[in-house]
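In: Build me a model from this:
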Amino acid sequence: MSILPNQDHGKVTVPELMQRKNLAADSRNARKVTCLTAYDYPTARLIDEAGVDIVLVGDSVAMVMLGYDSTLPLTLDEALHHTKAVRRGVQRALVVADMPYGSYHGEIHESLRNAMRFVKEAGAEAVKIEGGERRLELISRLTEAEIPVMGHVGLTPQSSTMLGGFKTQGKTSEAARRLVEEALELEAAGCFAVVLEAVPAPVGAEITRRLRVPTIGIGAGAGCDGQVLVYHDLLGLTEGHIPRFVKRYANLSREIRDALEAYVHDVRTGTFPEEQHTYTISDGELERFEEAVESLGPSRD
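Out: Numbering: from 1, shown residues only. Sure, this is the predicted structure:
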């Protein structure tokens, strides 16, 4: 099935995304926000051409691209490197860079400088920061410095140890109420959007109704203003445990493995390369070449 991208809507910007929230009450004009992760140039180009609104250079790059066991080891320089590559592949979408663990947990001025590096050096148009109340002062300072911030509450992978692992958040009435408060606090601090991860669908819908900025859900139900998935999960490139909220649109892992095994077979059996995969030389030039190499002595065979 071929789906044409929404190229007619032009460059995606922070004001345009927030305007969609204002139109959401009118179902005739509502248009959900689409977001996917990307970590390199060719992936970013494909996602952008497909009409996705937000390209998130997620800290998930640590696990899906760099082979770490969690997102925590990702360094600032590694995150900047991947953001630069993604930026070169995007023309239309809004590029948001996930600030890695440790890059915004120290002094405010240091965190501000790190965020500026994503904008000045890597070309990001916004940054994403995990956490609620503890991040409010930083978010306020970032927005004062004209750096758009996407918030993130619910399951925050960088603090999964404190949360007791990768578990659904907001499953009690008190915990759910606190999530609503945190989301409202992030909005008040200046966030232009808030990611809601692994929260019960009714809680995600309630937060969405209360916020004036878009909510981007990942395991937070269809009531959010948009959705985000990890690119490798969507395409079936991730193996092992798959989160409940993931929908696989392809099984590329199997297709890639089949292709690689076919290549190995063809090379080993001599069926690749075939004539159409090789280059030619004219008969006259071939004859002169053979005469010229005779001076080098006999070949080893």
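In: Any regions of the chain where pLDDT drops low?
Out: Of all residues in the chain, those with pLDDT under 70 make up the ranges 1-9, 24-29, 159-166, 301.
In: hmm, try it at 90
Out: Applying pLDDT under 90 to the chain flags residues 1-10, 19-31, 132-133, 156-170, 238-245, 294-301.
In: any idea which residue sits dead centre in it?
Out: For the chain, Thr37 is the residue whose C-alpha lies nearest the centre (CA atoms, centre = their mean; 1.4 Å).
In: List the single closest residue to it in space, sequence neighbours excluded.
Out: Closest residue to Thr37 in three dimensions, ignoring its sequence neighbours and counting by CB to CB, 6 or more residues apart in numbering: Gly58, at 4.1 Å. For the C-beta atoms, the positions are set from N, CA and C on the backbone; glycine is no exception.
In: which residues in the stretch 101-250 of the chain form helices?
Out: Along the stretch 101-250 of the chain, counting by DSSP state H, counting those that start in this stretch, helices occupy 108-120, 136-144, 160-163, 173-189, 201-210, 231-234.
In: Which of these sits closest to Gly297?
Out: Judged by CB to CB, the one of the helices of the stretch 101-250 of the chain that comes nearest to Gly297 is helix 231-234, at 53.3 Å.
In: by contact count, what packs against that closest one?
Out: Secondary-structure packing of helix 231-234 (3 or more CB pairs under 8 Å, 6 or more residues apart in numbering; DSSP states H and E): strand 33-37.
In: mind redoing it with 10 Å?
Out: Using 3 or more CB pairs under 10 Å, 6 or more residues apart in numbering; DSSP states H and E as the contact test, the elements touching helix 231-234 are strand 33-37, helix 41-49, helix 61-64, helix 252-269.
In: if you compare those, which one is most tucked away?
Out: Highest mean neighbour count among these (mean count of other CB atoms under 10 Å): strand 33-37, with a mean of 24.
In: quick one, it and helix 41-49 angle?
Out: Note on geometry: by axes from the mean of the first three to the mean of the last three CA atoms, to 10 degrees, strand 33-37 and helix 41-49 are set 170 degrees apart in direction.
In: CA-only coordinates of strand 33-37 in PDB, if you can.
Out: What follows is strand 33-37, C-alpha atoms only, in PDB (Å, rounded to 0.1, in the frame of the first residue of the first chain):
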ATOM      1  CA  VAL A  33       1.100  14.600  15.000                       C
ATOM      2  CA  THR A  34       3.400  11.800  13.800                       C
ATOM      3  CA  CYS A  35       6.800  11.300  15.300                       C
ATOM      4  CA  LEU A  36       9.500   8.700  14.700                       C
ATOM      5  CA  THR A  37      13.100   8.200  15.900                       C
END
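In: show me what contacts the nearest residue to Gly190 once chain neighbours are set aside?
Out: Counting by CB to CB, 6+ apart, Thr143 is the residue found nearest to Gly190 once chain neighbours are left out, at 3.3 Å. Residues in contact with Thr143 (CB atoms under 10 Å, 6 or more residues apart in numbering) are Val149, Ala189, Gly190, Cys191, Phe192.
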